[in-house]
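**Q** sequence plus predicted model, see below.
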Amino acid sequence: MNKAVNDGTPGEVWSGTWVADRLGVELVGDARLTDLLGLALRRNPKRAHLLVSNVLGKHVPQSPSVVYGQGFALGRRVRDLLGDEEAARAVVLGYAETATGLGHSVADGIALAPYLHSTRRPVPGVAPAGGFEESHSHATSHLLLPENPALLAGEGPLVLVDDEFSTGNTVLNTIWDLHERYPRDRYVVVALVDMRSEADTGRLESFAREIDARVDLVAAASGTVRLPEGVLEKGQDLVARYEDAGLGARGCSESAATAARARPALTHPHPAIHRVDLMWPRDLPDGGRHGFTPAHRIRLENALPAMAARLAEALPADADRVHILGFEELMYAPLRLARELEQVAQDTEFTYSTTTRSPVLAVDDPGYAIRTRLTFPAHDTPADGPGDRYAYNVAGARFDAVVAVVDDTADTPELHAPDGLLAQLAEHAPHVVLVVVPSHTPERPPMLPEPLRGPAFSSYAPEDVGWLLQDLSDVTLEAPTEEREEAIQSGGAHYAESLPVEYQPSDHYQELFQAALTESSARLAQAVGAVTEIVLQERSPHPVLVSLARAGTPVGVLMRRWAQFRHGLDLPHYAVSIVRGRGIDANALRWLAEHHDPADVVFVDGWTGKGAITRELTEAIREFEAQGGPVGFDPEIAVLADPGSCVRTYGTREDFLIPSACLNSTVSGLISRTVLRADLVGPDDFHGAKFYRELAGADVSVDFLDAVAARFPEVVEAVGAQAKELLAGDREPTWEGWAAVERISEEYGIHDVNLVKPGVGETTRVLLRRVPWKILARAGAGADLDHVRLLAEQRGVPVEEVAELPYTCVGLIHPKYTRGATGADGRAVAL
């Protein structure tokens, strides 16, 4: 067997010689490189050669003190670089699967920072806080599953740890993904070896300038790999020839010859497997998959002596060489156990390595890093299906005992099967001990219900929208408009605690709605198409539409229909509640994070007024994440019309009549406004709403959708031009609408921007739901205001024409409202 670290003994063969001689691969750089690294080959379409670390504790058995010491020393260097104050604000992130133990050791060296490692194991009920790809790995998809999503949302330094820094792609992918969501000023990249090529060396500096952040690199050694022309093809051919000819050491039989040469055959080929209960501390994480804090570290340090003592009692008294074998991502716990044993039982030689999912060619040659390979079935029910797993350089190593350390997720029948890992270890060691540590699973919040769908809830088709609401249809919530207004303005009640009586439009008003729909359907179709195209190009190629109930819901359905019409996409669409002054439904966000990547969620509303909901959503998302909710939601709203210049994602900034604003539930799937009242909505409930089934005869919800969607074919060209123009133009919000509202509030003596409702849509809402005082109309506004004028006439509200108004109209709610300020019929009167 090759020694773990080349100690410079004359005549000793470097464990990269075999590959170097056959492929011409060279390691150039620090003198320590050949001590730290060997070479092997693997069947991989991206990179045939493999740098095999002698000190990582993955493929090569090594002293646990050496493995732990390498990472710990790097952590000390990082702490010195950052200083204690910044180190205490840092978060350490390690990469699955090879660097989970290294990253944790670095975090121990820093001592002040929490640790998290990426994982390829999805955990039910734990929403990913992010993810990224590893360019050259055998398996690429990484998930970030912190128990506390706020772990990644801080502003302190992020320390990224991998075993090698070669092209830099993995690290840059990670930083890019996380920096878009949680920008910070400083990153530190840590690796055992920095093996970048000359071409890749400058990428880190240019990348740092691009994101306007400092990026430092800390490595134990540096150099580069010189690869001759055609090395990938030659390496692949060499692997194929060895595997096809059976020359590589494979499976159980692959190491039989080596084992026979190394020591006499076992007299008891199938020894009993001895299971040891370490009495792992309750609620102590087994590693960093969901986060590991400095407080966890202290608990582990205190528990290690007793756990190691229990394990030592299970080992043969005469054992000279004992190997601790970790399991894929579970590297840190077995490493710390092995190091503790090494320190208390100094007469025994302890080594440490872990199993892996990465297939590497094994060649029984002193100049090759992977001498033997045990192949066995995966035993943790992996998300990507069954497959082979491997343990390298264990067979034939003459261990007196092997301790296999797995988590309880991996303690399955496959582990104990005749061809499983334990049976194969028993072929090569007279004593096999099994240690099972509990796999930490974050506490799951109560199960949230599935979305409500039509026809049971709403008149929309079930595929059009899922309502993340609870059905309050059987609860009496309606109150006269005047009573609601008095209670709201006096502070006695919040507007979301009751519902206005649903306005029943007259025949004349219904005719106005139909005329407006006929007149504006093409303009609506174009705006729908434009905003959907912008979402698909800028936000996500597979967005999850989440409309803000209820004004946003018809728009969300139309955007979904456009994506299906134009691109053949079947986009998911949900409706959630947001309440001014109370924020967005946090349970709805949790449900979305459990079922979708938050980064794909696009919030949708009908239009902007002064931008209050835009600001409300931004603050609500910030607070949600600060309180430990899943992170990654983008609060930027996509709207059909943005007359207030409050968002970047819109179909138009014209203030025109969107006919769905003319009506209430009868154009919104017969769903009421959302309700948030403590006696009806508990801490684990969705916000509520009612389904007005009794209004089915007046429902035009689907008629509205069909009328707009029918115009899709004729606006395709115009949509393409409009989307192109918008994407190329300056769409930064100016918030001119908010400024106008503040000015109007002061000019008219209202002194409360919440009582000023700008735009056609908001003015219509005032007339339908609140106690209006005045309507300001831009001079010369035409048919877009016909329905406003009719409603104003019915409510006895004066319409005042204003020469310079940034909106088509503005609705003013009656300030300082009491019922004494109206006539007996509840109509508004002038102050």
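**A** Here it is on my side, so go on.

**Q** got a list of what the nearest residue to Arg89 once chain neighbours are set aside touches?
**A** Ranked by CB to CB, 6 or more residues apart in numbering and with sequence neighbours excluded, the top spatial neighbour of Arg89 is Gly156, at 2.8 Å. In this view, the C-beta of every residue, glycine as well, is placed from N, C-alpha and C. Listed by CB atoms under 8 Å, 6 or more residues apart in numbering, the contact set of Gly156 reads 86, 88-91, 184, 186.

**Q** where does Gly156 sit: helix, strand or coil?
**A** Secondary structure, DSSP: H, G, I helix; E, B strand; the rest coil: Gly156 is coil.

**Q** ok, the one 3 residues further on next?
**A** Secondary structure of Val159, reduced to three states by three-state DSSP: strand.

**Q** hmm, Gly94 and it touching each other?
**A** No. Using CB atoms under 8 Å, Val159 makes no contact with Gly94, being 9.2 Å away.

**Q** overlap in contacts of those two?
**A** Joint contacts of Val159 and Gly94 (CB under 8 Å, 6+ apart) are 106-107.

**Q** list the buried residues for the helix ranked longest in the chain?
**A** Longest helix in the chain, counting residues (DSSP state H): helix 507-534. Across helix 507-534, burial judged by 16 or more other CB atoms under 10 Å covers 509-510, 512-514, 516-517, 519-534.

**Q** mean confidence score for the longest strand seen in the chain?
**A** In the chain, assigned by DSSP state E, the strand with the most residues is strand 214-226. Mean pLDDT, strand 214-226: 94.

**Q** how about stretch 192-201?
**A** Average pLDDT, stretch 192-201: 87.

**Q** next secondary structure after the longest strand of the chain?
**A** Following strand 214-226 in sequence order, the next helix or strand is helix 231-244 (DSSP states H and E).

**Q** Val123: helix or strand, and which one exactly?
**A** Using DSSP H and E, Val123 maps to neither a helix nor a strand.

**Q** quick one, what contacts it?
**A** Each residue near Val123 by CB under 8 Å, 6+ apart is listed here: 145, 289-290, 441-442.

**Q** how about the helices in the stretch 51-200 of the chain?
**A** 64-82, 84-87, 100-110, 169-181, 198-201 (DSSP state H, counting those that start in this stretch).

**Q** between those helices, which one is closest to Val700.
**A** Judged by CB to CB, the one of the helices of the stretch 51-200 of the chain that comes nearest to Val700 is helix 169-181, at 40.5 Å.

**Q** list the buried residues for that closest one?
**A** Buried, per 16+ other CB under 10 Å, within helix 169-181: 170-175, 177-179, 181.

**Q** and it, what does it pack onto?
**A** Other helices and strands packing on helix 169-181, by 3 or more CB pairs under 8 Å, 6 or more residues apart in numbering; DSSP states H and E, are strand 130-132, strand 158-165, helix 203-211.

**Q** so of these, which one's packed in deepest?
**A** For the helices and strands packed on helix 169-181, the largest average neighbour count (mean count of other CB atoms under 10 Å) is found in strand 158-165, namely a mean of 25.

**Q** name the helices or strands packed onto that one?
**A** Contact partners of strand 158-165 among helices and strands, from 3+ CB pairs under 8 Å, 6+ apart: strand 49-53, helix 64-82, strand 91-94, helix 100-110, helix 169-181, strand 186-194.

**Q** which of those sits closest to Thr808?
**A** Of the helices and strands packed on strand 158-165, the one closest to Thr808 (CB to CB) turns out to be helix 169-181, at 36.5 Å.

**Q** next, the angle strand 186-194 makes with the closest one.
**A** Calculated by axes from the mean of the first three to the mean of the last three CA atoms, to 10 degrees, helix 169-181 forms an angle of 170 degrees with strand 186-194.

**Q** what's the average pLDDT for helix 169-181?
**A** 84.

**Q** what's the closest of the helices and strands packed on helix 169-181 to Ala191?
**A** With distances scored as CB to CB, the stretch of these nearest to Ala191 is strand 158-165 (3.9 Å).

**Q** sheet-wise, list the partners of that closest one with their directions.
**A** Applying DSSP bridges, strand 158-165 is found paired with strand 91-94 (parallel), strand 186-194 (parallel).

**Q** so where do the strands sit in the stretch 251-400 of the chain?
**A** 273-276, 321-326, 349-354, 373-377, 388-392 (DSSP state E, counting those that start in this stretch).

**Q** and these as TSV, adding distance to Gly682 and mean pLDDT?
**A** What follows is these, written out as TSV (distance: least, CB to CB, whole Å; pLDDT from 0 to 100):
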stretch	distance to Gly682	mean pLDDT
strand 273-276	44	94
strand 321-326	44	98
strand 349-354	45	98
strand 373-377	46	96
strand 388-392	45	96
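
**Q** so which of those strands comes closest to Gly720?
**A** strand 388-392 (49.7 Å).

**Q** so how far is that closest one from its chain's centroid?
**A** What separates the centre of strand 388-392 from the centre of its chain is 30 Å, taken as CA atoms, centre = their mean, to the nearest Å.

**Q** got the buried residues for it?
**A** Quick answer for strand 388-392 (16+ other CB under 10 Å): 389-392.

**Q** before we move on, what about stretch 796-803?
**A** 797, 799.

**Q** between the two ends of that stretch, how far is it?
**A** Terminal residues of stretch 796-803 lie 23 Å apart, using CA to CA, to the nearest Å.

**Q** need the strands of the stretch 251-400 of the chain in TSV with distance to Asp570, can you?
**A** Shown next, in TSV, are those (distance: least, CB to CB, whole Å):
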stretch	distance to Asp570
strand 273-276	49
strand 321-326	43
strand 349-354	42
strand 373-377	36
strand 388-392	36
